[in-house]
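Visitor: Model the structure of this input:
(one chain, ligands or ions: 2)
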Amino acid sequence: MAVKTLDDLLGEGVAGRRVLVRADLNVPLDGSRITDDGRVRAALPTIRRLADAGAKVVVTAHLGRPKGAPDDRYSLRPVAERLGALLGAEVTLAGDVVGEQARSVVGGLADGGVALLENVRFDPRETSKSADERAELAGELAALTGQDGAFVSDGFGVVHRKQASVYDVARVLPAYAGGLVLAELDVLRTLTGDPRRPYTVVLGGSKVSDKLAVIEALLPKVDRLLVGGGMCFTFLAAQGHGVGSSLLEQDMVDTCKRLLAEAGGKLVLPVDVIAADAFAADANTRTVASTGIDDGWLGLDIGPETVKEFAAALSQAKTVFWNGPMGVFEMAPFAEGTRGVAQAIADSPAFSVVGGGDSAAAVRLLGLPEDGFSHISTGGGASLEYLEGKELPGVAVLNEGE
Ligand SMILES: Nc1ncnc2c1ncn2[C@@H]1O[C@H](COP(=O)(O)OP(=O)(O)O)[C@@H](O)[C@H]1O
Ligand SMILES: O=C(OP(=O)(O)O)[C@H](O)COP(=O)(O)O
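Guide: Ligands and ions are numbered 1, 2, ... in the order given. The predicted model follows:
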């Protein structure tokens, strides 16, 4: 049976009904200041359509990776304010996830009103490995919507997570795919069929163990895999090079050795890096060969020779997918690698997709031309897992409906 969509739900009529929307509002923050609100903007159309149709919209989302307990640093307060400002209507933030405050805020919603529940990862059941615990939270989220509630899955960036507010809740409430999820899948589908070649994938960022697992599946599908960012140091260590205090996934070193052997010349690593003596914008820095980062130093960006090599490979490509910044672009001394690679993609006529919260933010924050990319996706890990051919739990569950 085909997935039911937001259009189907609107066709059924939502006036006066409480509709739970899972959005991905995981925005980059500097303290409590949102540095890029791309994900909030991407969530607007679905929320707006439901509110305009008279639904009482209850949004649930996560921010960062808190440890399953309330933590003010990860509060969605700034997001509620931004969402309200962009909608032009007040968005009340419930002070908890499914507790008394959530029930009271949701109970007080008028038709067309929007409320945001506090960071769903404050509840340990959200990310629990126990299906029973997740189902319990899903039941409590569903209960907030009352008798004729519905669930709209619109957090594309999180559909690869088998979590209570993404997966389990869709088994309890009538579930519908939101416009953002459908639009993202439409674009990514074009990359899985028969991409124009050479097909070059660029990987970086800091979610190293998540993404190392993806490389194995991607290698046979791509012509070139350029690896920078925090990703590259486990590979450099696997080649026997010193990586100093750089981001390193020690227990993946053997996997990286195997991947390097399997990849032949397809997998391209940096030849130089910008090393720093501290993780700070005012650290001392030097450009060093990637074959030798001294103890006490850490690689925080790819170097200028690497940017040239990556840019040359990208200029040949006909299809490009990029996820993960090449360095700690949030600090100016370590932004040039990301800027150089992003510019090379923007300059190339290839069909190009950039995915990921931080990668998309980098494009905007570094002032690159957004129209240089064929598509800017809100999901990094989700896009990668889709391209890898993996089933996305948050999408698969929508197919389970009656
Ligand atoms: N060499 C590095 N060392 C540490 N962190 C890095 C390095 N390169 C990039 N990063 C960090 O990676 C983060 C983004 O990673 P990730 O979440 O995997 O990307 P995305 O959100 O685009 O999927 C950025 O905050 C950036 O500072
Ligand atoms: O930022 C996200 O993913 P991304 O960094 O892969 O784009 C999503 O909000 C998912 O977050 P998670 O990787 O903590 O589950």
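
Visitor: Which residue comes closest to residue 19 once chain neighbours are left out?
Guide: Excluding the flanking residues, the one nearest residue 19 by C-beta to C-beta, 6 or more residues apart in numbering is residue 55, at 4.5 Å. Every residue, glycine included, has its C-beta placed from N, CA and C.

Visitor: Surely the one you found and residue 13 touch.
Guide: No: with contact defined as C-beta atoms under 8 Å, residue 55 does not count as touching residue 13 (9.4 Å).

Visitor: Looking at these two, which is more packed in?
Guide: residue 55 (27 against 12; other C-beta atoms under 10 Å).

Visitor: And that one, how close does it get to residue 149?
Guide: Here residue 55 is placed at a distance of 10 Å from residue 149 (C-beta to C-beta, to the nearest Å).

Visitor: Quickly list what's touching both of those two.
Guide: Residues touching both residue 55 and residue 149 by C-beta atoms under 8 Å, 6 or more residues apart in numbering: 17, 18, 19.

Visitor: For the second one, give the beta-bridge partners.
Guide: Applying DSSP bridges to residue 18 gives these bridge partners: residue 56.

Visitor: For the helix or strand of the chain with the lowest mean pLDDT, list the C-alpha coordinates in CSV.
Guide: Least confident helix or strand, the chain: helix 208-218 with a mean of 87, by mean pLDDT, DSSP states H and E. This file holds the C-alpha atoms of helix 208-218, laid out as CSV (Å, rounded to 0.1, in the frame of the first residue of the first chain):
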residue,chain,number,x,y,z
VAL,A,208,32.9,9.5,12.3
SER,A,209,31.6,6.1,13.4
ASP,A,210,28.2,6.6,11.8
LYS,A,211,29.8,7.5,8.5
LEU,A,212,32.6,5.0,8.4
ALA,A,213,29.9,2.3,8.2
VAL,A,214,28.4,4.0,5.2
ILE,A,215,31.6,4.1,3.2
GLU,A,216,31.7,0.4,2.7
ALA,A,217,28.3,0.4,1.0
LEU,A,218,29.0,3.5,-1.0
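
Visitor: Tell me the helices and strands packed up against the helix or strand that that helix is followed by.
Guide: Per DSSP states H and E, the first helix or strand lying C-terminal to helix 208-218 is strand 224-227. When contacts are defined as 3 or more C-beta pairs under 8 Å, 6 or more residues apart in numbering; DSSP states H and E, strand 224-227 packs onto strand 199-203, helix 208-218, strand 267-268, helix 304-316.

Visitor: how about a cut-off of 6 Å?
Guide: When contacts are defined as 3 or more C-beta pairs under 6 Å, 6 or more residues apart in numbering; DSSP states H and E, strand 224-227 packs onto strand 199-203.

Visitor: Show residues contacting the strand it packs on.
Guide: Residues from elsewhere that reach strand 199-203 (C-beta atoms under 6 Å, 6 or more residues apart in numbering): 211, 218, 222-227, 231, 317, 319-324.

Visitor: Can you show me the helices along this protein?
Guide: 6-12, 38-52, 77-87, 100-107, 131-143, 179-192, 208-218, 232-238, 253-263, 304-316, 336-347, 357-365, 381-388, 393-396 (DSSP state H).

Visitor: With distance to ligand 1 and mean neighbour count as extra columns, can I get the ones you listed in a markdown table?
Guide: Shown next, in a markdown table, are the helices of the chain (distance: least, C-beta to the nearest ligand atom, whole Å; neighbours: other C-beta atoms under 10 Å):
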| stretch | distance to ligand 1 | mean neighbour count |
| --- | --- | --- |
| helix 6-12 | 25 | 16 |
| helix 38-52 | 10 | 21 |
| helix 77-87 | 16 | 19 |
| helix 100-107 | 28 | 17 |
| helix 131-143 | 23 | 19 |
| helix 179-192 | 14 | 18 |
| helix 208-218 | 7 | 18 |
| helix 232-238 | 7 | 24 |
| helix 253-263 | 15 | 15 |
| helix 304-316 | 12 | 18 |
| helix 336-347 | 8 | 23 |
| helix 357-365 | 3 | 23 |
| helix 381-388 | 6 | 24 |
| helix 393-396 | 17 | 20 |
